[in-house]
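# When you get a sec, could you give me coordinates for this:
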Amino acid sequence: MSVEAIFVIASFTAPKEIGANPQSMLWLLPLAAAIAVVYKATKLPTITARNFIKEAAILFGSIVVFIIITALALYTLARLITE
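Numbers count the residues shown, from 1 in each chain. Okay, here's the model as predicted:
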């Protein structure tokens, strides 16, 4: 096994440290995009480029909006409990 392959494999043994600040929450966007693309790729009966992009964009938007609404609700709940 080459040295490069060992370094690549070793990089997956320790988790990436992601904080809880607003900038690190931007890592949710590629995750939501990947979920939307994979889900629509498996669920659409016929895939055309226009239909696939439209459906994946709608699902991506709804995931992001749901995440924002949930974060605001939890933030409000935490503020009400701690005050």
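# List phi and psi for residue 48.
phi -120, psi 150 (degrees, to the nearest 10).
# What about it, how many residues nearby?
By other CB atoms under 10 Å, 9 other residues sit near residue 48. C-beta here means a position set from N, CA and C on the backbone, and glycine is covered the same way.
# Report the distance from the lengthiest helix in the chain to the chain centre.
Among the elements of the chain assigned as helix by DSSP state H, the one spanning the most residues is helix 49-82. Centroid separation for helix 49-82 versus its chain: 10 Å, with CA atoms, centre = their mean, to the nearest Å.
# Residue nearest the middle of the chain, spatially speaking?
The chain has residue 31 as the residue nearest its centroid, 2.3 Å off, counting by CA atoms, centre = their mean.
# Check which helices and strands the longest helix of the chain sits against.
Helix 49-82 is packed against helix 28-43, with contacts defined by 3 or more CB pairs under 8 Å, 6 or more residues apart in numbering; DSSP states H and E.
# which parts of the helix it packs on are buried?
Along helix 28-43, these residues count as buried under the neighbour rule (16 or more other CB atoms under 10 Å): 32, 33, 36, 37, 40.
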